[in-house]
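>>> From the sequence below, what's the structure:
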Amino acid sequence: MPTIRRPRALRSGDLVVVTAPSDKLEPGEEPLLARGVAILERMGFRVRVSPMVDPARSRWWASGTPAEQAAELNTLLRDPEVRAIVAHTGGQATMGYLDLIDLEAIRADPKPILGYSDISLLHMALYARTGLVGFHADIVTHGFGSDWYTLGDEARRSELVDLYTRVLTKAEAPGVLPARGVWETWQPGRTQGPLVGGLLNRLVQLQGTPFALPAERFDGAVLFWEELQRPVTRIWNDLHALRLSGVLDRIAGMVVGLPTEVTPYEDGADPVGLRDVVLDVLAQRDIPVLAQVDFGHTSPNLPMPLGVRADVDADNRTLSLIESAVAER
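This next block holds a predicted model:
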């Protein structure tokens, strides 16, 4: 079983590359991309935008063929000047090239990879195969360049810039993650364990492939997840898939992000919402569940580094990173 592999800490002036490991840049999104790049520069990094991030080059719904996307990612993984890789957006294409990634390049020179949504597949697959700490964190175009402005004010942006900078550059525990609003206690309790998760439907998809996280990697873990554009009936089924595979019997806690366009079940009686579904599937499993936490498709995302131990206090509605996400250089 791979041990946790922390990326090397970034330094001020290090080169960060924005690329398109899944979807393409849509025409008209260039201003959002530029504003997102400016956020990364505000963190103190040099930023280069990959040629893959170009509305003129695409294949169907993706930024290129699986072979092209893998070649781009492998080039960045092998380039010693590149110190971090950030997705400009999510999409529907990551599954197509998981088997083409140069895992030895990751083992030789682990680097932070940032993104969420479809990029969850990348984080979870690389964590399963190499132990790499992947950063379920904001994307550039619709995250740094959009949500950080439309869903947050300058005070929140400054708070997040400071948090991301500390998480990526300091080999020390970041501590309590700052909540924008009031989080919810869906099941009381407190626990500690390594963070594992991402977009729920991608986690379930991955578990049917050779890149699945082995069952023992969920032992004592804090399962975090978010979802979008799904009825609660689909989420109920996905959670039951994790129950039947034994995942829910192994985890120590659960953290649920902000849902996006998740529709309740309504059939004349009281509506069945996301909380109802989660607690129904968990049944008698007495684990803390902290919900409405600031990550997902409708929030400036708090960074959630896979494999890093977290403290979940559902009673006091706090989430803390109690280990460093990066290693000394």
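>>> What residues of stretch 187-207 count as buried?
187, 189, 191-207 (16 or more other Cβ atoms under 10 Å). Placement of C-beta: from N, CA and C, glycine included.
>>> Then stretch 241-257?
Buried, per 16+ other Cβ under 10 Å, within stretch 241-257: 241-242, 245, 247-248, 250-257.
>>> follow-up on the earlier one: out of the buried residues of stretch 187-207, which sit inside helices?
In helices, defined here by DSSP state H, the members of the buried residues of stretch 187-207 are 200, 201, 202, 203, 204, 205, 206.
>>> for this structure, longest helix please?
Longest helix in the chain, counting residues (DSSP H): helix 154-169.
>>> next helix or strand past that helix?
strand 175-176 (DSSP states H and E).
>>> Name every strand pairing with that next one and say which way it goes.
Paired strands of strand 175-176, with direction, are strand 318-321 (antiparallel) (DSSP bridges).
>>> show me what contacts the residue nearest to residue 42 when sequence neighbours are not counted?
Nearest non-adjacent residue to residue 42, counting by Cβ to Cβ, 6 or more residues apart in numbering: residue 161, 5.5 Å away. With contact set as Cβ atoms under 8 Å, 6 or more residues apart in numbering, residue 161 has these partners: 39, 42, 43.
>>> do you know how far residue 161 is from residue 257?
21 Å (Cβ to Cβ, to the nearest Å).
>>> ditto for residue 52
27 Å.
>>> How about the backbone phi and psi for the nearest residue to residue 286 once chain neighbours are set aside?
Leaving aside its sequence neighbours, residue 286 sits nearest to residue 189 (Cβ to Cβ, 6+ apart; 7.1 Å). Dihedral pair for residue 189: phi 130, psi 180, per degrees, to the nearest 10.
>>> List the residues that contact residue 189.
By Cβ under 8 Å, 6+ apart, the contact list for residue 189 reads 253, 286, 287, 288, 314, 315.
>>> mind redoing it with 7 Å?
Taking Cβ atoms under 7 Å, 6 or more residues apart in numbering, we find residue 189 in contact with 287, 288, 314, 315.
>>> Over to the spatially most distant residue from the centre of the chain. Which of the three states is it?
Distance from the C-alpha centroid of the chain peaks at residue 268, with 36.5 Å (Cα atoms, centre = their mean). Three-state call for residue 268 (DSSP: H, G, I helix; E, B strand; the rest coil): coil.
>>> Next: residue 90.
coil.
>>> Determine which residue lies closest to the centroid of the protein.
residue 136 (1.9 Å).
>>> And the buried residues of stretch 241-257, which is closest to residue 76?
Taking Cβ to Cβ as the measure, residue 76 sits nearest to residue 257 out of the buried residues of stretch 241-257, at 27.3 Å.
>>> May I ask you to confirm that that closest one is in contact with residue 290?
No - at 10.1 Å, residue 257 does not count as touching residue 290 under the criterion of Cβ atoms under 7 Å.
>>> hang on, the earlier thing: mind putting the ones in helices among the buried residues of stretch 187-207 in CSV, pLDDT included?
As requested, these are arranged in CSV below (pLDDT from 0 to 100):
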residue, pLDDT
200, 98
201, 97
202, 97
203, 97
204, 97
205, 96
206, 97
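>>> how about TSV for the residues you listed, with distance to residue 127 added?
Formatted as TSV, those follow (distance: Cβ to Cβ, whole Å):
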residue	distance to residue 127
200	16
201	18
202	13
203	11
204	16
205	15
206	10
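>>> Could you list the residues in contact with the helix or strand containing residue 38?
Taking DSSP H and E as the definition, one finds residue 38 inside helix 30-42. For helix 30-42, the surrounding residues in contact (Cβ under 7 Å, 6+ apart) are 16, 18, 25, 47, 49, 53, 86, 88, 140-146, 148, 161.
>>> Quick check: the gap between residue 254 and residue 237.
With Cβ to Cβ as the criterion, residue 254 and residue 237 are 17 Å apart.
>>> what do you get for residue 195?
On the measure of Cβ to Cβ, residue 195 and residue 237 end up 24 Å apart.
>>> go on, residue 86?
Taking Cβ to Cβ as the measure, residue 86 falls 32 Å from residue 237.
>>> Looking at the two, which one has more neighbours?
Per other Cβ atoms under 10 Å, whichever of residue 86 and residue 237 has more neighbours is residue 86, with 28 against 14.
>>> Confirm that the more buried one sits in a strand.
Yes - using three-state DSSP, the secondary structure at residue 86 is a strand.
>>> Tell me who's in contact with residue 177.
302, 319, 320, 321 are the contacts of residue 177 under Cβ under 7 Å, 6+ apart.
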